[in-house]
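Undergrad: I'll drop the sequence and a predicted model, then ask my questions.
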Amino acid sequence: MQRVNVGLLGCGTVGRGFVELLGRERERIRARHGVDVAIRRILVRDAAKQRTGINPALFTTSAIDVLDDGCDIIVELVGGVHAAGAFVRRALRNGHDVVTANKALLADSGRELFATAQTHDARIGFEASVCGGIPIIGALQRGLVGDRIDSITGILNGTCNYILTRMEQDDIELADALLQAQAHGFAEADPSLDISGVDAAQKLRILSELAFGPMTMRLRVHGIGDVTRAEIEQARSRRCVVRHVAAARRVAGGVELRVERRELPESHPLAAVRDETNAVVVRGRAVGEIMFQGKGAGSLPTAAAVLADVVGLAQRNRMRVLT
């Protein structure tokens, strides 16, 4: 049995979900995968705050206590770019593997961080950074590595998709649909990253780096902030739906990335993707078209992807030791 000590940076929605899921699945993972995952330290802003079901002795307000305390794997769930980037760089330079759900950090500094990881014989797991519990990262990294990817098309932002679905089904304007999304926890108090298309663009860039490699990328982004009920109704009159679509495809001289709302015929595979669901369609030259669909956000779906990366890294480390 391999013991793996995890240092957890951040105990917000996903962090708490990770702790909960690990508590639920720890014995199953021990029995099936031969890995005993234990949380050693947790970085929080307020160590005195009550967090039901979590041992308060694990809490610290100092990142150094987590990064330099003998943890085998560092799980970064604080979000943002600057502080999170500093934490991840220190962990990698210490030779620790890192698991992150931080799409903004990877979109901003991914190439540098992966180079740092390679230099220090460390690895980065980032399945949770795009589409939550949908295993699209692993599919592009491993399952489709034998094929040449021509395009990726998807609904990568659950907030936008929820809003557009509510406008379509409830005949309401964007402002009312946004209020519903916030009430159900699908949109932040400040939804600007989602509504503007920036969130989807960050995720698309990560997928494109995996699918196409280090090529010249041209990006255009348009959000849903100016969508109207009339636009939704006009699409419906043509037996179409409006969806916020992120797409990347090979073109002469590089890769074209576009994030925009599109009018899709009802027969299109993405037209049936509703509410907070995410979906990705990958087209390869050998495999043709493959579609991945599921919960793209939320505490437990995202935590499941984080935990899968932790177990996967632990197993690969064990194989390195055995060989």
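TA: Cool, got the structure.

Undergrad: mind giving me the packing neighbours of the helix or strand where Gln118 lies?
TA: Assessed by DSSP states H and E, Gln118 sits inside helix 103-119. Here helix 103-119 touches helix 82-93, strand 124-125, helix 198-212, going by 3 or more C-beta pairs under 8 Å, 6 or more residues apart in numbering; DSSP states H and E. For every residue, glycine as well, the C-beta is placed using N, CA and C.

Undergrad: Gly7 falls within a helix, correct?
TA: No - read with DSSP: H, G, I helix; E, B strand; the rest coil, Gly7 is strand and lies in no helix.

Undergrad: pLDDT score for it?
TA: The model reports Gly7 with a pLDDT of 98.

Undergrad: so where's the stretch 101-250 of the chain uncertain?
TA: Within the stretch 101-250 of the chain, no stretch has pLDDT under 70.

Undergrad: run the last query once more with 90
TA: Per-residue confidence for the stretch 101-250 of the chain (pLDDT under 90) gives these ranges: 132-133, 184-189, 213-217.

Undergrad: pull the residues that contact stretch 66-85.
TA: The contact list for stretch 66-85 (C-beta atoms under 8 Å, 6 or more residues apart in numbering) reads 4-12, 14-15, 18, 40-43, 60, 87-88, 90-91, 94, 96-102, 104-105, 108-109, 113, 306, 310, 313-314, 317.

Undergrad: what's the helix or strand for Ala247?
TA: Taking DSSP H and E as the criterion, Ala247 maps to strand 240-251.

Undergrad: quick one, longest helix in the protein?
TA: The helix that spans the most residues within the chain, counting by DSSP state H, is helix 299-322.

Undergrad: and the strand holding Ala247, how far out from the chain middle?
TA: 19 Å (C-alpha atoms, centre = their mean, to the nearest Å).

Undergrad: residues of it that come out buried?
TA: By neighbour count with 16 or more other C-beta atoms under 10 Å, strand 240-251 contains the buried residues 240-249.

Undergrad: then stretch 259-277?
TA: Buried residues in stretch 259-277 (16+ other C-beta under 10 Å): 259-264, 268, 270-271, 273-274, 276-277.

Undergrad: that one - what's its average pLDDT?
TA: Here stretch 259-277 scores 96 as its mean pLDDT.

Undergrad: just the CA atoms of it, as PDB, please.
TA: This file holds the C-alpha atoms of stretch 259-277, laid out as PDB (Å, rounded to 0.1, in the frame of the first residue of the first chain):
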ATOM      1  CA  VAL A 259     -15.500  31.900 -28.900                       C
ATOM      2  CA  GLU A 260     -18.900  33.200 -29.900                       C
ATOM      3  CA  ARG A 261     -22.600  32.500 -29.900                       C
ATOM      4  CA  ARG A 262     -23.900  30.600 -32.800                       C
ATOM      5  CA  GLU A 263     -27.300  29.600 -34.200                       C
ATOM      6  CA  LEU A 264     -27.300  25.800 -34.400                       C
ATOM      7  CA  PRO A 265     -29.900  23.700 -36.100                       C
ATOM      8  CA  GLU A 266     -31.900  21.500 -33.700                       C
ATOM      9  CA  SER A 267     -30.200  18.400 -35.200                       C
ATOM     10  CA  HIS A 268     -26.700  19.600 -34.200                       C
ATOM     11  CA  PRO A 269     -25.200  17.500 -31.400                       C
ATOM     12  CA  LEU A 270     -24.600  20.700 -29.300                       C
ATOM     13  CA  ALA A 271     -28.100  21.900 -29.700                       C
ATOM     14  CA  ALA A 272     -29.400  19.400 -27.200                       C
ATOM     15  CA  VAL A 273     -26.800  20.400 -24.500                       C
ATOM     16  CA  ARG A 274     -28.900  22.300 -21.900                       C
ATOM     17  CA  ASP A 275     -28.500  24.200 -18.700                       C
ATOM     18  CA  GLU A 276     -25.100  23.900 -16.900                       C
ATOM     19  CA  THR A 277     -24.000  20.900 -18.900                       C
END
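
Undergrad: let the chain start at 21 from now.
TA: New numbering, starting at 21: the last item is stretch 279-297.
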